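Novice: Structure here, sequence nowhere to be found:
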């Protein structure tokens, strides 16, 4: 088991060393002074001197799909190095173990894609042969982080932000590792402090945009290597300007503004952040460590009590809360408002033109979005007082649909709660699955299930039965209609509607029931019956004058 190969000697006297960092706190564009020694390369020049930012407490990442070149014996498979058990006793079955083919490897994938890796911690076998691991190479993707230099129980290999989605160990000797832990964050943030001056004992550099947390400073001097990592400072979060500089919106909110600053937790495994406007939680999206996209929330009437109301924006992360005073002005006069929808019904097949009237709309058609119950309605024209759109197909059942109108992301007010009814016409083939042959013919049984609303716009042939099992049949008031059937059953909240109290039926509506002495009698209901059980029959016709008649002798 003796290892034969090149021997290396390391001298701390030649390595760059950081002894102090000031100031102790800073953010974007703060100038940092780093003191220490060996900051110049062997030629006494500065071109090969860089300063890296290292997070002091990077997140522990999840490894999956472990593989290895060979398996020494049963119980020493590749996944043993990522099972969470750091026990160094190989006999306990907690360690992976390859054979020694001279070209040995072990690798695993990061479960959530690519990360910028700060360090990899390797737990060595302890019951035997601890020296075998020395000089093993450790990679992130194809980037060599370094070698294992110790035969101790635990070795840490620094990767200084190398980006990848795999971790790999290679060696010319056996590999037997009991656990591998990987620490890092999402890639994307700049991890280099821009150097402005260097001497052998002092470096001045300017902080880039980064996430707020405790960060260490690592000086790299080629070819001398990396410095120690124990000198650190606190990178703080600050708020800058909002864009646009003086955002306004209607009282229902909706516009998206950009909040600038520094130290936002973009790229962190835990990017927890809470943004409020006027004390109301807002939807916030981290764009970078220096930019947050904020969708302004609606401003309640008890908060926006004036026609023009100015609000603060607060950004909170853990125990830190920052305030941007007077950042947003809500103007009720700017709120788009819906006053009417015409017509108020459309088929689920789509293709019907709807006219929406109101105030504070826009003539910029591309800035208008309309939907009914989440189904897009394609805008075909727009003005400051009127929008026309064509309904889309609704794949699920018919129902009363709420309208949503957005003008440049501002949500329109609907004070009268105007809605549109998605209902299918009896005459339409789409009501019956898109095939004309499926329409009920004489002697058929027609069933309307829960959620279906069918507009009776023609007099159908005589049906054997009409079952409204949670479904709804509405008589069209544009013509005289006759509904003929042997049986009509209304169950489970179903209904027949012929006019309403507010809008009485203007035409003639007749329901004709058929049967004879040989008709089958339904239990409880009988034959030639219109039966209602947990349902509604709603009939409202024109007022009859006079409302009485004279009986003959």
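Specialist: Cool, got the structure. Note that the structure is a prediction, hence the values are computed from the model and not measured.

Novice: got a list of what residue 459 touches?
Specialist: 481-484 (Cβ atoms under 8 Å, 6 or more residues apart in numbering). The C-beta positions use only the backbone N, C-alpha and C, and glycine is treated the same way.

Novice: ok, 6 Å please
Specialist: Residues near residue 459 by Cβ atoms under 6 Å, 6 or more residues apart in numbering: 481-482.

Novice: Would you mind measuring from it to residue 439?
Specialist: 13 Å (Cβ to Cβ, to the nearest Å).

Novice: what's the answer for residue 139, then?
Specialist: For residue 139, the distance to residue 439 - Cβ to Cβ - is 68 Å.

Novice: So which helix or strand of the protein has the lowest pLDDT on average?
Specialist: One helix or strand of the chain scores below all others by mean pLDDT, DSSP states H and E: strand 248-249, with a mean of 60.

Novice: Next SSE downstream of that strand?
Specialist: The first helix or strand that comes after strand 248-249 along the chain, using DSSP states H and E, is strand 256-262.

Novice: Now do that next one: everything it contacts.
Specialist: 27-28, 209, 238-243, 247, 290-295, 409.

Novice: Stretch 318-330 now?
Specialist: So stretch 318-330 is in contact with 239, 242, 247-248, 251, 277, 299, 304, 309-315, going by Cβ under 6 Å, 6+ apart.

Novice: biggest separation within the residues you listed, which pair?
Specialist: Greatest spatial distance in those: 239 and 251, 24.4 Å, computed using Cβ to Cβ.

Novice: Give me the phi and psi for residue 243.
Specialist: phi -130, psi 120 (degrees, to the nearest 10).

Novice: can you tell me which residues contact it?
Specialist: residue 258.

Novice: Just want to check the distance between it and residue 482.
Specialist: Per Cβ to Cβ, residue 243 is found 65 Å from residue 482.

Novice: Spatially, which residue comes closest to the residue nearest to the spatial centre of the chain, not counting chain neighbours?
Specialist: Centroid check for the chain by Cα atoms, centre = their mean gives residue 285 as the closest residue, at 9.5 Å. Among residues not flanking residue 285 along the chain, residue 293 sits closest, at 4.4 Å (Cβ to Cβ, 6 or more residues apart in numbering).

Novice: quick check: mean pLDDT across the helix or strand hosting the one you found?
Specialist: Secondary structure from DSSP H and E places residue 293 in strand 291-295. Computed over strand 291-295, the mean pLDDT rounds to 90.

Novice: Name the surrounding residues that touch the following helix or strand past it.
Specialist: Once strand 291-295 ends, the next helix or strand along the chain (criterion: DSSP H and E) is strand 308-317. The contact list for strand 308-317 (Cβ under 6 Å, 6+ apart) reads 273-278, 321-331.

Novice: Stretch 92-109 too?
Specialist: 63-70, 72, 75-76, 78, 80-82, 85, 87, 125, 165-172, 174-178.

Novice: now it: how far from the chain's centre is it?
Specialist: Relative to its chain's centre, stretch 92-109 lies at 39 Å (Cα atoms, centre = their mean, to the nearest Å).

Novice: Equivalent analysis for stretch 261-277, please.
Specialist: For stretch 261-277, the distance to the chain centre is 15 Å (Cα atoms, centre = their mean).

Novice: Quick check: buried residues in it?
Specialist: Applying a neighbour-count criterion of 16 or more other Cβ atoms under 10 Å, one finds 261-269, 273, 275-277 buried in stretch 261-277.

Novice: Same check on stretch 393-411?
Specialist: 394, 397-399, 401, 403-407, 410-411.

Novice: Looking at these, which are in strands?
Specialist: Among those, DSSP state E puts 401, 403-407, 410-411 in strands.

Novice: Among those, show me the least confident.
Specialist: residue 410 (73).

Novice: Tell me how far that one lies from residue 454.
Specialist: On the measure of Cβ to Cβ, residue 410 and residue 454 end up 36 Å apart.

Novice: Same question for residue 417.
Specialist: 24 Å.

Novice: between the two, which one's more packed in?
Specialist: residue 454 (20 against 8; other Cβ atoms under 10 Å).

Novice: what pairs with that one across the strands?
Specialist: Beta-bridge pairing for residue 454 (DSSP bridges): residue 424, residue 473.

Novice: That one is in contact with residue 425, isn't it?
Specialist: No. With contact defined as Cβ atoms under 6 Å, residue 454 does not count as touching residue 425 (7.3 Å).

Novice: how near is residue 114 to residue 411?
Specialist: Taken as Cβ to Cβ, the span from residue 114 to residue 411 is 37 Å.

Novice: got it, and residue 368?
Specialist: Residue 368 is 12 Å from residue 411, by Cβ to Cβ.

Novice: so where is the stretch 201-350 of the chain shaky, pLDDT-wise?
Specialist: 245-254 (pLDDT under 70).
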